[in-house]
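>>> Only the shape, not the letters, is given here:
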């Protein structure tokens, strides 16, 4: 107890109130304080977006750390670090800087791995988040804008990972990045110019790494930040979707009918949802720490520096671009053609690397306008009660997985003991037949063909009764 | 589990599992990078478990998805525990009515657009305090080990274990705080742009 009769805690609280008052007088914090009570429906799957958000935060923080050590240059310098096999060799400066941060900076290897795993987690959690939104119909009116923003975020996340992939300028990544260069260059009319802008000339040129670095650490993250802010602003404005209620909500001043989606019920942002988010944050960091501690990702020392005179035995892009790589593998070269009169050449690289992935992304972007609701819908749907939408989703997932298998055709050929070119025909057939079969089975299972046993009675399906949800019971 | 879900799950798994199997064949085992210990005092490669030295992007993809599904499972379990297992008992909800109408003492919870539909005082039991104290000590111990590792050998595997243990302890501590010391609150609020249609 202090001399003025107040406890230390009391004085700290008073100081906090004074500090808040000082800021509030200048920024009018109280006006927006009610946002702290925003309702978050307590749905497990709604936390996936938070996993993605926290991965982005980890990426920014670990990226800042790595940025202090990374040198975006291909200028040859002599390596003097602790990796035996490269000592005394002239190596690209970017490669040397990554070796240094990995092997000679305390904590460097761990943070570099965290950065990589967080990048992969970011893309995967975004993908799973989108699948959740897709299968529960949470993109429907009025949430089409947020689906578009979220889809843009997914594209940018892939772009961020791709531009970061080549930065160490190791043999594997530079070769894989070269595939991207060839794809960009294959775009009719604007290909050369686009490749010049992104890669700074014919890949790999001395401008490539600085150009990709600029995109990786500034342009793309800043754009992701803006889109994330837009995503959250729209979410706050529209409020969350909500799973169908078990019954009427009778606690408080006003009864909320079970079917009234004009009201959202959930945990307040502060303190309850904040605590849940803290748990998501800590568990995400724990998962990333375990991965980073035990599993290497993109081990540049194992791959060695970029060597224009050789090609690694196994070449493939990051897993989330594997499906696009699969298209490249499956589109035969004879599909290239020249457009008569205008003299434009349309190559198989352009068809497989730009047109087909572009159509996939186009389908994703326009989906809310295909499965369109004229009236605003705020309750999530049960995927088992939406035969054709769920069938399309399953078909899409199977399509991407088979295309990814095609991207790994060399490994698949090894597993099957055959030649990879012999697999292209069956994989092409599977790419189109597999999704159709999977979609048809899904559609049939859910009663889409009029069979019994599909979605069933919606009331029975969600286990709802007529009971009321009363406050505190 | 509903039959439809099982069938659809089997359809997806029939492609997913073979794809994962193929993807995991990516890179054969390789020799560990040799380090010249006269150059640096740190030992980032030292550890207590044999781990792969190299992973192909396809292997990384499979590992990421399995890890993400595991994380989602743990998150769901923690979330459910926080929202259901620690839900207030009848004894503690007797006072729920008196907290309605903005008498919770927290100005942001109840507004013209929002009201409290469920409020229960925290249990504030001794076991909560013990759990939080224990987990806080665990977090501090592993944070100290982490710093110690940073200042000495900087072994990556140990960083991973210490950091993971620290974050798990912090997550557990937060769950314990939520379960025993946080009031259970639920609010309902209008969706603004719909009000005119009501």
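Done, it's in. On a predicted model such as this, the values are computed, not experimentally measured, just so you know.
>>> okay, CA-based contacts and neighbour counts for the rest of this
Will do.
>>> What ranges does chain B have for its strands?
Secondary structure of chain B (DSSP state E): strands at B:114-120, B:184-190.
>>> Name the helix or strand of chain B that has the lowest mean pLDDT.
Lowest on mean pLDDT, DSSP states H and E among the helices and strands of chain B sits helix B:96-99, with a mean of 45.
>>> coming back round to it: of the strands of chain B, flag the one that's most buried.
Mean neighbour count (mean count of other CA atoms under 10 Å in any protein chain shown) peaks for strand B:114-120 among the strands of chain B, with a mean of 27.
>>> quick check, that strand touching chain A?
Yes. Strand B:114-120 lies within reach of chain A by CA under 8 Å from any CA of the partner chain, at B:115, B:116, B:117, B:118, B:119, B:120.
>>> Turn the residues you listed into CSV, columns for pLDDT.
Putting the residues of strand B:114-120 next to chain A into CSV (pLDDT from 0 to 100) gives the following:
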residue, pLDDT
B:115, 91
B:116, 91
B:117, 91
B:118, 89
B:119, 87
B:120, 86
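>>> and stretch A:89-99, which residues are buried?
A:91, A:92, A:93, A:94, A:95, A:96, A:97, A:98, A:99 (16 or more other CA atoms under 10 Å in any protein chain shown).
>>> Inside strands: which ones of the residues you listed?
Per DSSP E, the buried residues of stretch A:89-99 map to strands at A:91, A:92.
>>> Chain B: which of the buried residues of stretch A:89-99 is nearest?
In terms of CA to the nearest CA, no member of those lies closer to chain B than residue A:99, at 11.4 Å.
>>> Distance-wise, check that closest one relative to residue A:212.
Separation of residue A:99 from residue A:212 (CA to CA, to the nearest Å) stands at 19 Å.
>>> quick one on the thing from earlier: let's have the residues of strand B:114-120 next to chain A in CSV, adding distance to residue B:64.
Shown next, in CSV, are these (distance: CA to CA, whole Å):
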residue, distance to residue B:64
B:115, 41
B:116, 40
B:117, 40
B:118, 39
B:119, 39
B:120, 39
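>>> OK, contacts around residue B:148?
Counting by CA atoms under 8 Å, 6 or more residues apart in numbering or on different chains, residue B:148 makes contact with nothing.
>>> So the helix or strand harbouring residue A:288, near chain B or not?
Secondary structure from DSSP states H and E places residue A:288 in helix A:274-294. Yes. Contact of helix A:274-294 with chain B (CA under 8 Å from any CA) involves A:275-276, A:278-280, A:282-294.
>>> okay, the strands of chain B in TSV with distance to residue A:419 next?
As requested, these are exported to TSV (distance: least, CA to CA, whole Å):
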stretch	distance to residue A:419
strand B:114-120	65
strand B:184-190	61
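>>> Okay, helices next: where are they in chain B?
B:3-23, B:57-80, B:90-93, B:96-99, B:126-151, B:156-181 (DSSP state H).
>>> The stretch 351-473 of chain A now?
Counting by DSSP state H, counting those that start in this stretch, the stretch 351-473 of chain A has helices at residues A:356-370, A:387-407, A:409-416, A:420-445, A:458-461.
>>> and the angle from the second one to helix A:420-445?
On the basis of axes from the mean of the first three to the mean of the last three CA atoms, to 10 degrees, helix A:387-407 is oriented at 170 degrees to helix A:420-445.
>>> What residues of helix A:387-407 count as buried?
Quick answer for helix A:387-407 (16+ other CA under 10 Å): A:387-407.
>>> winner for burial among the helices of the stretch 351-473 of chain A?
Stretch with highest mean neighbour count among the helices of the stretch 351-473 of chain A: helix A:387-407 (a mean of 24; mean count of other CA under 10 Å).
>>> any idea of the mean pLDDT in that one?
Average pLDDT, helix A:387-407: 97.
>>> what about the closest residue to residue A:318 other than its chain neighbours, distance to residue B:70?
Distances taken as CA to CA, 6 or more residues apart in numbering or on different chains place residue B:57 nearest to residue A:318, at 4.9 Å, with adjacent residues excluded. Residue B:57 sits 20 Å away from residue B:70, going by CA to CA.
>>> okay, the two: which has more neighbours?
More neighbours surround residue B:57 than the other of residue B:57 and residue B:70, with 24 against 13 (other CA atoms under 10 Å in any protein chain shown).
>>> Please list the residues of the stretch 301-450 of chain A that sit near chain B.
Residues of the stretch 301-450 of chain A lying close to chain B by CA under 8 Å from any CA are A:301-302, A:316-320, A:384, A:394, A:397-398, A:401-402, A:404-405, A:408, A:411-412, A:415, A:438, A:441-442, A:445-446.
>>> 7 Å instead?
A:302, A:317-319, A:398, A:401, A:405, A:411-412, A:438, A:442, A:445-446 (CA under 7 Å from any CA of the partner chain).
>>> Helix or strand: which one has residue A:115?
helix A:108-135.
>>> Can you list the buried residues in that helix?
Those would be A:108-130, A:132-135, for helix A:108-135 by 16+ other CA under 10 Å.
>>> So, low pLDDT: which residues of the chain?
Just so you know, I chose chain A. For chain A, the stretches with pLDDT under 70 are A:1-5, A:451-473.
>>> not what I meant, chain B
Using pLDDT under 70, chain B drops low at B:1, B:85-106, B:192-198.
>>> Farthest from the middle of it: give me that residue.
Distance to the chain centre peaks in chain B at residue B:38, reaching 40.7 Å (criterion: CA atoms, centre = their mean).
>>> Quick check: chain neighbours aside, which residue is closest to the residue most central in space within chain B?
Nearest to the mean C-alpha position of chain B, by CA atoms, centre = their mean, lies residue B:75 at 4.9 Å. Closest residue to residue B:75 apart from its sequence neighbours, by CA to CA, 6+ apart: residue A:280 at 6.6 Å.
>>> For the residue nearest to residue A:311 when sequence neighbours are not counted, the count of nearby residues, please.
Nearest residue to residue A:311 in three dimensions, chain neighbours excluded: residue A:175, at 7.2 Å (CA to CA, 6+ apart). Neighbour count for residue A:175, taken as other CA under 10 Å: 24.
>>> Same check on residue B:151?
Residue B:151 sits with 12 neighbouring residues when counted by other CA under 10 Å.
>>> Assign the nearest residue to it once chain neighbours are set aside to helix, strand or coil.
Leaving aside its chain neighbours, residue B:151 sits nearest to residue A:106 (7.8 Å; criterion: CA to CA, 6+ apart). Judged by DSSP: H, G, I helix; E, B strand; the rest coil, the three-state class of residue A:106 is coil.
>>> dump the residue contacts of residue A:106.
Applying CA atoms under 7 Å, 6 or more residues apart in numbering or on different chains to residue A:106 gives the contacts B:42, B:150, B:154.
>>> List the residues that contact the second one.
Contacts were defined as CA under 7 Å, 6+ apart; by that measure residue B:150 touches A:106, A:107.
>>> Then the last one?
Contact analysis of residue B:154 by CA under 7 Å, 6+ apart lists A:106, A:107, B:42, B:43, B:44.
>>> Secondary structure element holding the residue nearest to residue A:311?
helix A:171-185.
>>> In terms of secondary structure, what does that helix contact?
Using 3 or more CA pairs under 7 Å, 6 or more residues apart in numbering or on different chains; DSSP states H and E as the contact test, the elements touching helix A:171-185 are helix A:191-199.
>>> Going by contacts, tell me the helices and strands next to the helix it packs on.
If you count contacts as 3+ CA pairs under 7 Å, 6+ apart, helix A:191-199 packs onto helix A:171-185, helix A:208-214.
>>> Let me know which of those helices is the nearest to residue A:22.
Closest approach to residue A:22 among the helices and strands packed on helix A:191-199 (CA to CA): helix A:208-214, 39.2 Å.
>>> Run through who's touching that closest one.
Residues contacting helix A:208-214 (CA under 7 Å, 6+ apart): A:72, A:73, A:163, A:167, A:198, A:199, A:200.
>>> if you set the cut-off to 10 Å instead, what comes out?
Helix A:208-214 is contacted by residues A:67, A:70-74, A:94, A:160, A:162-169, A:174, A:196-203, A:207, A:215-216, A:218-220 when judged by CA atoms under 10 Å, 6 or more residues apart in numbering or on different chains.
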